[in-house]
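Chemist: My questions concern the predicted model and sequence given below.
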8 protein chains.
Amino acid sequence: MSNERLTPENAAVLLVDHQTGLSNGVQDQSVPEFMTAVEGLAKTAKSFGLPTVITTSAEDGPNGPVLPVITGHLPDAPVIQRPGEINAWDNADFVAEVEKTGRKKLIVAGVSTEVCVAFVALSAVQAGYDVYAVIDASGTWNKLVQEVAIARMVQGGVKPITWVAVAAELQADWRKPTGQALAENMGAHLPFYGNLIASFMAAKG
Amino acid sequence: MSNERLTPENAAVLLVDHQTGLSNGVQDQSVPEFMTAVEGLAKTAKSFGLPTVITTSAEDGPNGPVLPVITGHLPDAPVIQRPGEINAWDNADFVAEVEKTGRKKLIVAGVSTEVCVAFVALSAVQAGYDVYAVIDASGTWNKLVQEVAIARMVQGGVKPITWVAVAAELQADWRKPTGQALAENMGAHLPFYGNLIASFMAAKG
Amino acid sequence: MSNERLTPENAAVLLVDHQTGLSNGVQDQSVPEFMTAVEGLAKTAKSFGLPTVITTSAEDGPNGPVLPVITGHLPDAPVIQRPGEINAWDNADFVAEVEKTGRKKLIVAGVSTEVCVAFVALSAVQAGYDVYAVIDASGTWNKLVQEVAIARMVQGGVKPITWVAVAAELQADWRKPTGQALAENMGAHLPFYGNLIASFMAAKG
Amino acid sequence: MSNERLTPENAAVLLVDHQTGLSNGVQDQSVPEFMTAVEGLAKTAKSFGLPTVITTSAEDGPNGPVLPVITGHLPDAPVIQRPGEINAWDNADFVAEVEKTGRKKLIVAGVSTEVCVAFVALSAVQAGYDVYAVIDASGTWNKLVQEVAIARMVQGGVKPITWVAVAAELQADWRKPTGQALAENMGAHLPFYGNLIASFMAAKG
Amino acid sequence: MSNERLTPENAAVLLVDHQTGLSNGVQDQSVPEFMTAVEGLAKTAKSFGLPTVITTSAEDGPNGPVLPVITGHLPDAPVIQRPGEINAWDNADFVAEVEKTGRKKLIVAGVSTEVCVAFVALSAVQAGYDVYAVIDASGTWNKLVQEVAIARMVQGGVKPITWVAVAAELQADWRKPTGQALAENMGAHLPFYGNLIASFMAAKG
Amino acid sequence: MSNERLTPENAAVLLVDHQTGLSNGVQDQSVPEFMTAVEGLAKTAKSFGLPTVITTSAEDGPNGPVLPVITGHLPDAPVIQRPGEINAWDNADFVAEVEKTGRKKLIVAGVSTEVCVAFVALSAVQAGYDVYAVIDASGTWNKLVQEVAIARMVQGGVKPITWVAVAAELQADWRKPTGQALAENMGAHLPFYGNLIASFMAAKG
Amino acid sequence: MSNERLTPENAAVLLVDHQTGLSNGVQDQSVPEFMTAVEGLAKTAKSFGLPTVITTSAEDGPNGPVLPVITGHLPDAPVIQRPGEINAWDNADFVAEVEKTGRKKLIVAGVSTEVCVAFVALSAVQAGYDVYAVIDASGTWNKLVQEVAIARMVQGGVKPITWVAVAAELQADWRKPTGQALAENMGAHLPFYGNLIASFMAAKG
Amino acid sequence: MSNERLTPENAAVLLVDHQTGLSNGVQDQSVPEFMTAVEGLAKTAKSFGLPTVITTSAEDGPNGPVLPVITGHLPDAPVIQRPGEINAWDNADFVAEVEKTGRKKLIVAGVSTEVCVAFVALSAVQAGYDVYAVIDASGTWNKLVQEVAIARMVQGGVKPITWVAVAAELQADWRKPTGQALAENMGAHLPFYGNLIASFMAAKG
């Protein structure tokens, strides 16, 4: 496990099966918490210019299309529609897209945490990548499944993380140019922070 | 307590102390759940054309400005800045604005539930109004305070409700012209519903 | 509010918007708990021969078809597809079907509790019926919405109940002919009871 | 049940068995939440000059002395040591002290909620008082006991409330002289509010 | 609803279907919490000499024998084995035993809360009794069923209570002869209190 | 710990003490959630043709027979009735059956998680197997015991997993022949998924 | 970390600061759950004849005497009253007693989990012992402190366990002479099991 | 990871972004629990004379000033205002202050746990320090973020701890001169302990 930090230059984002149908099975967090974390991560990928690979399963079937909050912010990200592989790492096109990014640090999120995220994450660790699983921007069927998924991934060498920590690690210093976009992203998707800024601006007059 | 239903013609909305500073004390729901319910209610007020009265306390002080999600959707609603009255019903300007709406059914939400909402709601019941307290579009310091506030208001004749029920009761029939705006509102702020619609649209092709 | 008990002769069941799409928004209980309660209630309606009226909203749209666990057990129950009315009581065909049952006690369940169930239940109380809302065989978006819905219905004179209590009140005496079917229903849908019976049978040899 | 509001002129505070030994059995809230609410209520009584009657049970025995946070703020309040009566209303000295206040609105808190608070509250209602039970400044053995105690008291005509609502109702208008003390009280015992004020002061410069 | 208090002279206890098999379905509290409350109530009945009527359902079948903690403390209480009636009030022998007690206040507990307790409690209210449902000495399948059962019983005029409140109301004054037995009962079944007494005795030396 | 994945060719299932009596002690999940996960795992074993070994403890005594949902789906699986060994790995017949499967990856579930599952799992790791503990298809006395059991097993090199992840890892690709059976299994035992498919089929028309 | 199992011959029990005063601070479980687990462990130590060392802190001060449920079952266990050392391992008399047992496996429980248990456990691991921390027979101030204590101990090589698992690992085979005592212990302190046995005995007739 | 214990001579405290604005986003504990833990830790640092380094982010902006409970107790601790670095370890002045302490064991707390605490803690481990993260004296946005932050830090070699454990490990023996201050600190911020002492003192007379 590398100790090198996440940077806009060394990391890529993998969004796995964040589809509208599957997302309605998410019950390990409230739906508003899940959805706002996904959007926060998508905006993070966009504003830091992280190469992002999206993949779907049965997109024309019941699992549904990619969440609009993802495609809206990342319209140009490649979308690999897997014809059947449950573990996206088994799909050569997906792995090729990942390799094309040239990044060795992979930030993975998706639905469901214990299948779509964990399988990719563990396979990527085996393939030599340094892998971060974004738990709050992922979702699964209930809290117990989430807890077990975290335990299994940690045991397998995956780093558990949340979307605000991903963004903060990438930003590193608020003075970098991406700082304004991050503040807006946090203001919108970590809503206490938006309230905090609004209160401050008002007090300053 | 009247059995008449909420309609766009008989109801007004009162938004009490939904301010950025106070909102950061809300812990009876997660902040994303609270904020999305507030926005859902604000859009409901807008799309049904309900007369809306906003009031604030210490707006230039620590309590902060009105939540931008409210002022953004309801830019023309009157805002009564109370100079000190905790119970907005004690402020003559506020009551005058309420009376000006000509409505006898009042939909109340705010921060905090047990003070700003409950005080107005109980006073309005005394004044002869039929009052609905929107619990999820209101917020308070912890779950216990919420539970006690609900119990006190129900005991005092206030009807407890949530924002989706308010919107559905106003809509009454999906074929009315406001149906499209309501579907979009629910799609955004009851996010499972947005996912459901997106899945359906995709399946229909 | 009548003190007369529920009997197979005085009660009817109303199942409101128990549709596959809407059911995926249910988060006030776990999905397995909700689904098993719905099936327990459907089997109760069947085995006690209760007249049952099913109604749906946007069945050909995103809300989806009636849950197969309902139609499977109650294939002959009339299904009133409402063209737009949110409160089923506003649909004349639905009310006509209810009246046709000749029953004055109505057992109501559905999705969502605070809209589809509460609206019908409160309207039926106004219309002079004695109304029971089956909370566990109903579902809604989160625990808070459930709590508020119960409070509002109780305030309005609706009796809150759960499916096992409905079945037990109908059965009244285990020696009546429906007892065997009820024991099997409880064995399957209140699974501890099935385990209890299996243990007992084994111990008896 | 009177609709008149709590004022510094019409209300008295009764603190029942808030003793150090009994308080270590409180598990319906975390101990820090309970203790801070008790202190918030004690300071409220003090700053609004509310006549306060303290009573104890087995004070020289295991139940222990009155909580120091109470005696520290209210050193002059009479303390009625009951020789055995569980319901303080059965103690003539206690009732005499209550009557001596001349107030008809009683704000009651104590340990435990379902015994020491509920018994006094229900008896006081019978005696013609308008009674408020301060749930968060009271404590009991677990959450279920709290819930049942609230339900029983509401059924019996007691008004459930929390300490911030008591203080806010007494203050009525922030411009009254007690406002500064209340702001400090809330700043200390509703700690988000203290943070809010500190942030605001800093932003103002 | 009478305002008269529970006394050893005016109250009887009804224990309904507290059987070993049914008790293993209790999940609204932890099993140790449920079992200790049941035993606390049984000892209360014994030490205050309350007439107690026990009833069972399918005792020779899967529901199992009466909990040994009950029969151990109350060996002489009559046990009415109901041949089939779910609502014990429908069994003439049971009602006769209740009437034989000559008491008008009935303290009811059992498994399950929403069926065995609620049915008896509501019927007894109809029959003119003043009824207390002991929620923590009763049990049911999950927390939601408990909440709904409380709401239904309160709506129907039943008083919700917990075992410590029952015992304290019966004791009224610690100086009465039953005080020692109650202190021991609480010391054992409200275990913080036993710890408190032990600490005090040690400190006194 | 091997990184090789679970396949229908390398894995066997061990079901340990899933008996009707013991299962009524399960309180770390709701009973419906536990039972549906057990059945989901049993069907997984069947449809992937995994060799399965069942073992019981005191089957003719209080622990009761194997859950019918297991024997119904896996009628031909050998059942080793242990005469007294708590850790099934201490029973030579059980180990012989495991060895007979020729598999080196063992998927273990049972009641209770911290005894019957953990003991076998840790022993099997010692014996050189790669062991997966299926936490949701296992059950124990409360959430804390579950948490401690997971921590102990992870510390000892057991992989924690849930039934859907087991099934998905075995399936690997939805296009394999077992896909239809898995979809049906998930549709029934991860009920949101069944709703999703039903909605999709209806939308497709 | 040894893989050898706990046996009556290789293990000793250390009970650290299970005192009446400290125990009233336990809030990570309900008090009845904590107390029954402590008694279950004490009886386990007794019936398996495990050498047991008890130690206390400020026993003549506020922390109070050893829990009577411990001294009642283990009257002959040495009690080391520490004059000031917080970590019992710093007390030479305590360590001498531990060494005197001649056992290399130490089963540790106490109050509080993160101080009294964790300090001893981590020190004993350093001293070369194989250490088990019994989490449910230990207690601390809230759930978070418990979670952190488990994480710290697991990180330091301590094995987390619960009392039933300790007893079951010691018993190993129900046919050993200690089986009857263990069944009675579990029947009393894992109360569902007592109910199960009682139901079975009754069914057998 | 060193096994050496925390002592007043080998440890320093780092307080990271404990600012009034950020603290109003803390929702993984109740605010009173968080605030009292922070103050407990601050007093610990003071009474043991631990070198303490405070750092802030955007102190003149929305994040607000350092919590007064910190600056009140530690008025002389250096405060490094970071001009933009999110990870305080990236700020040379901060690291210089840490190095100036000469301590190799760092006790870290702050807001938020997963960013401000975790980043510093992981960097300090990389730099060769032995690092303790004080979870209850830190705070973050919700319970899930806390859980993930703990998992990530433990995986990275940080020791999770709580404030009472820090204080107890530093004290080591109650007879050391700091014992009185620690008892007072615990009496105030672990309030059950204050109650315990007060009860004891009263009983002693």
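Modeler: Yep, it's here.

Chemist: Can you name the residues of chain A sitting close to chain C?
Modeler: A:24-25, A:27, A:30-31, A:141-142 (Cβ under 8 Å from any Cβ of the partner chain). Where C-beta positions appear, they are placed from N, C-alpha and C, glycine not excepted.

Chemist: ok, these vs chain D, which is closest?
Modeler: Within those, the smallest distance to chain D is 20.9 Å, found for A:Ser30 (Cβ to the nearest Cβ).

Chemist: picking that back up, strands - which of the residues of chain A next to chain C land there?
Modeler: Per DSSP state E, strands hold no members of those.

Chemist: out of these, who has the most neighbours?
Modeler: The member of these that has the most neighbours, counting by other Cβ atoms under 10 Å in any protein chain shown, is A:Asn24 with 29 neighbours.

Chemist: So which residues of chain A form helices?
Modeler: Defined through DSSP state H, the helices belonging to chain A, from first to last, are A:20-23, A:31-47, A:68-73, A:92-101, A:118-126, A:143-155, A:163-171, A:179-189, A:191-204.

Chemist: So, low pLDDT: which residues of chain A?
Modeler: Along chain A, the model assigns pLDDT under 70 to residues A:1.

Chemist: Enumerate the residues of it near chain B.
Modeler: A:20-21, A:23-24, A:30-33, A:35-36, A:59-60, A:62, A:64-65, A:67-68, A:191-192, A:194-196, A:198-199, A:202-203.

Chemist: Filter the residues you listed down to the buried ones.
Modeler: A:20-21, A:23-24, A:30-33, A:35-36, A:59, A:62, A:64-65, A:67, A:191-192, A:194-196, A:198-199, A:202-203 (16 or more other Cβ atoms under 10 Å in any protein chain shown).

Chemist: Which residue is the nearest non-sequential neighbour of A:Tyr193?
Modeler: Counting by Cβ to Cβ, 6 or more residues apart in numbering or on different chains, A:Tyr193 lies nearest to A:Met186, which is 4.6 Å off, once chain neighbours are set aside.

Chemist: what bridges to the most centrally placed residue in chain A?
Modeler: For chain A, the residue whose C-alpha lies nearest the mean C-alpha position (Cα atoms, centre = their mean) is A:Ala109; its distance is 3.7 Å. With DSSP bridges as the criterion, A:Ala109 is bridged to A:Leu15.

Chemist: Does it touch A:Tyr132 like I think?
Modeler: No: the pair A:Ala109 and A:Tyr132 does not pass the contact test of Cβ atoms under 8 Å, sitting 9.1 Å apart.

Chemist: Please tell me how far the closest residue in space to A:Thr56 that isn't next to it in sequence sits from chain G.
Modeler: In this structure, A:Thr56 finds its nearest non-sequential neighbour in A:Gln81, 5.3 Å apart by Cβ to Cβ, 6+ apart. In this view, A:Gln81 and chain G are 40 Å apart by Cβ to the nearest Cβ, to the nearest Å.

Chemist: For A:Gln81, which residues are in contact?
Modeler: Contact analysis of A:Gln81 by Cβ atoms under 8 Å, 6 or more residues apart in numbering or on different chains lists A:55-56, A:59.

Chemist: quick one on the thing from earlier: what number of residues lie near the residue nearest to A:Tyr193?
Modeler: For A:Met186, the tally of surrounding residues (other Cβ under 10 Å) stands at 23.

Chemist: for it, what are its contacts?
Modeler: When the contact criterion is Cβ under 8 Å, 6+ apart, the partners of A:Met186 are A:40, A:164, A:167, A:193-194.

Chemist: Check the offset of stretch A:102-115 from the chain's centre.
Modeler: The chain centre lies 7 Å from the centre of stretch A:102-115; the measure is Cα atoms, centre = their mean, to the nearest Å.

Chemist: List the buried residues for that stretch?
Modeler: Counting neighbours by 16+ other Cβ under 10 Å, one finds that the buried residues in stretch A:102-115 are A:103, A:105-115.

Chemist: just the residues you listed now: which is nearest chain B?
Modeler: Distances from chain B to the buried residues of stretch A:102-115, taken as Cβ to the nearest Cβ, are shortest for A:Val111 (10.7 Å).

Chemist: So for the closest one, what's the nearest residue that isn't a sequence neighbour?
Modeler: For A:Val111, ignoring the flanking residues on the chain, the nearest one in space by Cβ to Cβ, 6+ apart is A:Leu22 at 4.4 Å.

Chemist: thought the one you found was touching A:Val117?
Modeler: No: under the criterion of Cβ under 8 Å, A:Leu22 is not in contact with A:Val117, lying 11.7 Å apart.

Chemist: Now do the shared contacts for these two.
Modeler: Taking Cβ under 8 Å, 6+ apart as the contact definition, A:Leu22 and A:Val117 share the neighbouring residues A:Val111.
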